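# quick one, fold the following:
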Amino acid sequence: MTRLTLSSILAAALLVAGCGGTETPAPAGDATVPTPPAAVPADAGEPLRPETKVDEAEVTGAAADGETVEDARASVTPIAAAVAANVSRPAAAANFPWREGQHFSPLPAAQPVSVSPGQVEVTEIFWYGCGHCFTLSPRVKAWESNGRPDFVKVIRMPVVWNEVTREDARLFYTIEALGKFDTLHLAVFRELHVNRNPLTVVAGNRVDTAATEAKVREFMLKNGVSAEDFGKTYRGFAVESKIRQAENLSRRYLADHTPMVVVQGKYTTDVSMAGGIDQLLQVITDLAVRERSGS
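Sure thing, here's the model as predicted:
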């Protein structure tokens, strides 16, 4: 799990300390990462962007449930789909088995959601450079396809802490805006963690935006996106707006690590708190059911 603390060293282009995966080369530099934010009221304005630098980091270790990055796949496997399909749905809130403060935590201030009445919003907070996110994302996709209650809407939100995560968020929102999520989202994870090809370029302790755009363009064109579509979208108004929103929500959700899941703008949980990926999927299912029942 990627933790955001003063002692953390942020991976410049790929991985963060504590985020499981294979070693991956990363550009050098010094990293300064802001401390976790305080609670932000629902009506607060846009947050100030923290001053950041970027440093090299190597990451080792397994995911919280014993999986490694190599166990993740860029498509939903039959096993993952079967696990997701077997996530049960409790009949009544009285049977709710999870403990607040142990398996999930309430946010100090509930945040607005973007779903219609009767729906429950589940937000997966991730960073492309996080090996644990690479492990979790296919499982969330399987749960979304085969296991989630039909009233749940799954939203992906890239965390925005600094320059590196901001450029990774730009890549995600470009993919989303082009309607390429299903084909390219997990392909980006694979490019970074399997092919060991960082798409964010750091030079002189700063992100080289021109070099980064060139690498991202090459990746997108190789994966079927036209140069014209990429050029119109990558630095377009819609993508810039989404990045600002994600930066704001990263603070409102107190997103000091990845991956995290937020349920209906009220509760946060993760693999470690839940006790494993299977348990996490059950926690968010049960929280969603409880939210919809109003109990």
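
# can you give me the pLDDT of Gln111?
Model confidence at Gln111, expressed as pLDDT, equals 95.

# quick one: it from Ala246, how far?
As defined by Cβ to Cβ, to the nearest Å, Gln111 lies at a distance of 13 Å from Ala246. Placement of C-beta: from N, CA and C, glycine included.

# of the two, which one has the most company?
Taking neighbours as other Cβ atoms under 10 Å, Gln111 and Ala246 compare with Ala246 leading, 22 against 19.

# not counting its neighbours along the chain, what's nearest that one?
Leaving aside its sequence neighbours, Ala246 sits nearest to Val160 (Cβ to Cβ, 6 or more residues apart in numbering; 4.8 Å).

# can you count the residues close to Ser114?
Neighbours of Ser114 under the rule other Cβ under 10 Å: 10.

# backbone dihedrals for it, please?
phi -110, psi 10 (degrees, to the nearest 10).

# hmm, Ile155 and it touching each other?
Yes: contact criterion Cβ atoms under 8 Å: Ser114 and Ile155 qualify, at 7.3 Å.

# which neighbours do these two share?
Glu121 (Cβ atoms under 8 Å, 6 or more residues apart in numbering).

# picking up where we left off before, quick check: pLDDT value at the residue nearest to Ala246.
So Val160 comes in at 98 (pLDDT).

# which residues touch it?
166, 169, 243, 246-247, 250.

# can we see that at 10 Å?
47, 49, 127, 166-170, 242-251, 255 (Cβ atoms under 10 Å, 6 or more residues apart in numbering).

# cool, Glu191 as well?
Residues near Glu191 by Cβ under 10 Å, 6+ apart: 74, 128, 184, 197-199, 215, 219, 222-223.

# same thing with Tyr173?
156-158, 233-234, 236, 238-243, 245-246.

# name the nearest of the residues you listed relative to Trp143.
Ranked by distance to Trp143 (Cβ to Cβ), these are led by Arg156 at 13.0 Å.

# wait, is the closest one part of a helix?
No: when classified by DSSP: H, G, I helix; E, B strand; the rest coil, Arg156 is found to be strand rather than part of a helix.

# beta-bridge partners for the closest residue to Trp127 other than its chain neighbours, please?
Of all residues not flanking Trp127 in the chain, Thr258 sits nearest, at 4.6 Å (Cβ to Cβ, 6+ apart). Beta-bridge pairing of Thr258 under DSSP bridges involves Thr2.

# all numbers from here: first residue = 34
With the count now opening at 34, the last piece we talked about shows up as Thr291.

# any idea how far Pro231 is from Thr291?
As for Thr291, its distance to Pro231 is 17 Å (criterion: Cβ to Cβ).

# more neighbours, these two?
Taking neighbours as other Cβ under 10 Å, Thr291 and Pro231 compare with Thr291 leading, 27 against 24.

# so which bits of stretch 305-319 are buried?
Within stretch 305-319, the residues that qualify as buried by neighbour count (16 or more other Cβ atoms under 10 Å) are 306-308, 310-319.

# okay, those in CSV with distance to Asp262, pLDDT and secondary structure next?
Formatted as CSV, the buried residues of stretch 305-319 follow (distance: Cβ to Cβ, whole Å; pLDDT from 0 to 100; DSSP: H, G, I helix; E, B strand; the rest coil):
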residue, distance to Asp262, pLDDT, secondary structure
Met306, 40, 96, helix
Ala307, 39, 97, helix
Gly308, 43, 96, coil
Ile310, 34, 96, helix
Asp311, 38, 96, helix
Gln312, 40, 97, helix
Leu313, 35, 97, helix
Leu314, 34, 97, helix
Gln315, 39, 96, helix
Val316, 38, 97, helix
Ile317, 34, 97, helix
Thr318, 36, 96, helix
Asp319, 41, 95, helix
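
# now Thr320: which helix or strand?
Just to correct that, residue 320 is Leu rather than Thr. Assigned by DSSP states H and E, Leu320 belongs to helix 310-326.

# which residue packs closest to Ile276, ignoring adjacent ones?
In space, and not counting its chain neighbours, Ile276 is closest to Ala202: 5.1 Å by Cβ to Cβ, 6+ apart.

# ok, Lys186 next?
Nearest to Lys186 is Val148, by Cβ to Cβ, 6+ apart, at 5.0 Å.

# what's the one you found in contact with, if anything?
Neighbour list for Val148: 154-155, 184-186, 188, 297-298 [criterion: Cβ under 10 Å, 6+ apart].

# and which of the residues you listed is nearest Arg325?
Checking those against Arg325 by Cβ to Cβ gives Phe184 as the nearest, at 5.7 Å.
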